[in-house]
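In: no FASTA, just this:
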């Protein structure tokens, strides 16, 4: 029995190494001096640590502008999808009206459908709107991609908050808006954060539409900029890995935020009881 | 369905506020308008979402269908001409043997990636249950790192690890005695290229699958296992009689989602070799890009898009039906 446990734990450590290694390799490569990278030595652990790769990546033409563009596009799209999605979620979770089922089905299908298949009409549409090579095109598309997911997920979170709480607030003299703002919205905090993080990651990752709709180098987003690293860096793998690490940081930070907020959500839930 | 409906019916947020109270709180809206507003409220709340979806999803869906029946190359696009060609685009695509090769390749690629990642996810989920808490947290953090890495960052890291000259993989293989891997290129054929891409996708897909399935595994009622233990069931029997039936709906769900996600992969395939070498790693989403964006045959590319959705629909038809039926209750 114990031998079995040991074997299971040992296997798990190997699996963990498999998953963690690329991240480890990205970070250590980014910390190695250039000469160490272009050698045939077997060097799992860096012998010298330098930070020059990060400054190289940071000061490469296009890095800062594409980072700003990515942040701008992702944050605006997610903010819009979150607000619009929340309005729809409240209606779908709390109210009865004709066509409610149809809307729900529409959200479900829109969320699963392969958006990539709309590449051609999207390109033509953005061309007609004169939005090619302009960031609003990406904001609109990321808004559309994340909206059904936001509405669907937030609806689940709203459903999880007893409507009786809002009613109690209204009995105590709150208007419907007041009840929503003072009771439901605070309880919805963790759900809003979790939803926005996953929506943000979707937008932050998106490559196909960013590649097709934006050709102007100053308007590129980070994924497209990074995909052109062969031209930007040559064989500078240290710089490439440093740029990849910088690209990863916001997502990791957001993941950490979700976890903290989830714990906070758990304690906020205690008020209900 | 009825259960859910009645509970929500019991608390209709639409009706119960006494108008006088609300007036006191919102600063005096006339009584008769409040009634009309109440009735219109759900539609007002939904309006932005519906307009957004109709404009940015509904309209393009119609547009891709119409475009697939048009001859639309750069000339027609610039002149703004509308030239209907009936089924010519479809005939062109379906008559090209290359299309069928690519379709078969995409389907096989999707099947292998989905199969491997779901199976590995299930095994890891079952393994996680057996672990010492510290080891489990280490494993979960390691998987979180893989999950959180942006696709483009992960792709460049894999390119570096599989680099011909200085990649750590070739260095390791040489170190442990496989001298022939010095300077070995992993990207000389379509199959080997897709294998590396498949590994990358599986590596990033497993964490979600393992976490979801682990949640399912620990959700299996303990007394079922106790009962199986009392009846003297072997671990294999316990898995088949207890874990499997409890896990099956979840397993179907994540398999279905994986199929949707892995079928339409473009980013990694494109960034590695742009569908090369010699078109050997071109999948349907890459074909759509090549036809439409690289060669400006928008009509033909739209036909590829439609066919792509139809193929994906055919592959997942059973799941979609089941899923919509199971969601009826929630709706």
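Out: Yep, it's here. None of these values were measured; they are calculated from a predicted model. Residues are numbered from 1 along each chain as shown, chains lettered A, B, ... in the order given.

In: Where do the domain boundaries of chain B fall?
Out: What automatic domain parsing lists as the domains of chain B is B:14-51, B:88-327.

In: Tabulate those (a markdown table), appending distance to residue B:63 and mean pLDDT.
Out: Heads up, the C-betas are built off the backbone N, CA and C, glycines and all. Output for the domains of chain B, formatted as a markdown table (distance: least, C-beta to C-beta, whole Å; pLDDT from 0 to 100):
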| stretch | distance to residue B:63 | mean pLDDT |
| --- | --- | --- |
| domain B:14-51 | 17 | 62 |
| domain B:88-327 | 8 | 91 |
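
In: near chain A, which residues of the stretch 201-331 of chain B?
Out: With C-beta under 8 Å from any C-beta of the partner chain as the criterion, the stretch 201-331 of chain B comes near chain A at residues B:203, B:206-207, B:260, B:263-264, B:266-267, B:270-271, B:285, B:288-289, B:292-293, B:298, B:301-302, B:305-306, B:308-309, B:312, B:320, B:324, B:327, B:330-331.

In: hang on, the earlier thing: quick check: which of the domains of chain B is buried the most?
Out: Counting by mean count of other C-beta atoms under 10 Å in any protein chain shown, domain B:88-327 has the highest mean neighbour count of the domains of chain B, with a mean of 18.

In: of all the domains of chain B, which lies closest to residue A:28?
Out: Of all the domains of chain B, domain B:88-327 sits nearest to residue A:28, with 9.9 Å by C-beta to C-beta.

In: circling back to that earlier point, now the domains of chain B in CSV, with distance to residue A:118?
Out: Formatted as CSV, the domains of chain B follow (distance: least, C-beta to C-beta, whole Å):
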stretch, distance to residue A:118
domain B:14-51, 17
domain B:88-327, 7
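
In: Just the helices from the stretch 51-200 of chain A, written as ranges.
Out: Using DSSP state H, counting those that start in this stretch, the helices assigned to the stretch 51-200 of chain A run over residues A:52-59, A:63-94, A:100-112, A:119-128, A:135-159, A:163-171, A:176-179, A:185-205.

In: and the fourth one, anywhere near chain B?
Out: Yes: Helix A:119-128 comes into contact with chain B when judged by C-beta under 8 Å from any C-beta, the residues involved being A:119, A:120, A:121, A:122, A:123, A:124, A:125, A:127.

In: Neighbour-wise, which one of the residues you listed leads?
Out: residue A:120 (30 neighbours; other C-beta atoms under 10 Å in any protein chain shown).

In: that older thread, list just the nearest of the residues of helix A:119-128 next to chain B to residue A:161.
Out: For the residues of helix A:119-128 next to chain B, the nearest to residue A:161 is residue A:122 (36.0 Å; C-beta to C-beta).

In: The residue nearest to residue B:283 when sequence neighbours are not counted and chain A: what is the separation?
Out: Using C-beta to C-beta, 6 or more residues apart in numbering or on different chains and skipping the chain neighbours, the partner closest in space to residue B:283 is residue B:106 (4.4 Å). Residue B:106 sits 12 Å away from chain A, taking C-beta to the nearest C-beta, to the nearest Å as the criterion.

In: Residue B:106 is in contact with residue B:284, isn't it?
Out: Yes: contact criterion C-beta atoms under 8 Å: residue B:106 and residue B:284 qualify, at 4.6 Å.

In: Common neighbours of those two, please.
Out: B:263, B:311 (C-beta atoms under 8 Å, 6 or more residues apart in numbering or on different chains).

In: Torsion angles phi and psi at residue B:84?
Out: For residue B:84, the backbone dihedrals (degrees, to the nearest 10) come out as phi -80, psi 140.

In: Could you do residue B:83 as well?
Out: According to degrees, to the nearest 10, residue B:83 has phi -120, psi 110.

In: Repeat that for residue B:164.
Out: Residue torsions, per degrees, to the nearest 10, at residue B:164 are phi -60, psi -50.

In: Would you check that it makes contact with residue B:188?
Out: No: Residue B:164 lies out of contact with residue B:188 (C-beta under 8 Å); the separation is 9.8 Å.

In: hmm, back to that, how about TSV for the residues of helix A:119-128 next to chain B, with pLDDT added?
Out: Formatted as TSV, those follow (pLDDT from 0 to 100):
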residue	pLDDT
A:119	95
A:120	95
A:121	95
A:122	95
A:123	95
A:124	94
A:125	94
A:127	93
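
In: Relative to residue B:118, how far out is residue B:258?
Out: Residue B:258 sits 6 Å away from residue B:118, going by C-beta to C-beta, to the nearest Å.

In: can you check residue A:184 too?
Out: 37 Å.

In: ditto for residue B:274
Out: Taking C-beta to C-beta as the measure, residue B:274 falls 29 Å from residue B:118.

In: Make sure residue B:72 is actually in contact with residue B:292.
Out: No: Residue B:72 lies out of contact with residue B:292 (C-beta under 8 Å); the separation is 9.5 Å.

In: Mind giving me the packing neighbours of the one helix or strand the residue nearest to residue B:283 maps to?
Out: Using DSSP states H and E, residue B:106 sits in helix B:97-129. Counting contacts by 3 or more C-beta pairs under 8 Å, 6 or more residues apart in numbering or on different chains; DSSP states H and E, helix B:97-129 is packed against helix A:2-31, helix B:133-148, helix B:190-219, helix B:244-263, helix B:284-289, helix B:298-327.

In: Turn the ones you listed into TSV, columns for distance to residue B:88.
Out: TSV is the format used below for the helices and strands packed on helix B:97-129 (distance: least, C-beta to C-beta, whole Å):
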stretch	distance to residue B:88
helix A:2-31	46
helix B:133-148	44
helix B:190-219	29
helix B:244-263	26
helix B:284-289	18
helix B:298-327	8
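
In: for those, which one sits closest to residue A:199?
Out: Closest approach to residue A:199 among those (C-beta to C-beta): helix B:133-148, 14.8 Å.

In: Low-confidence stretches in the stretch 151-273 of chain A?
Out: Low-confidence segments of the stretch 151-273 of chain A (pLDDT under 70): A:230-233, A:259-273.

In: Residues of it that sit close to chain B?
Out: The stretch 151-273 of chain A comes close to chain B at residues A:151, A:163-164, A:166-167, A:170, A:173-178, A:201, A:204-205, A:207-208, A:211-212, A:222-223, A:226-227, A:229, A:237, A:240-241, A:244-245, A:247-248, A:251-252, A:255, as judged by C-beta under 8 Å from any C-beta.

In: Tell me the spatial nearest neighbour of residue A:149, not counting adjacent residues.
Out: Spatial nearest neighbour of residue A:149, excluding adjacent residues (C-beta to C-beta, 6+ apart): residue A:111 at 5.2 Å.

In: For the one you found, grab the count of nearby residues.
Out: Neighbours of residue A:111 (other C-beta under 10 Å): 17.
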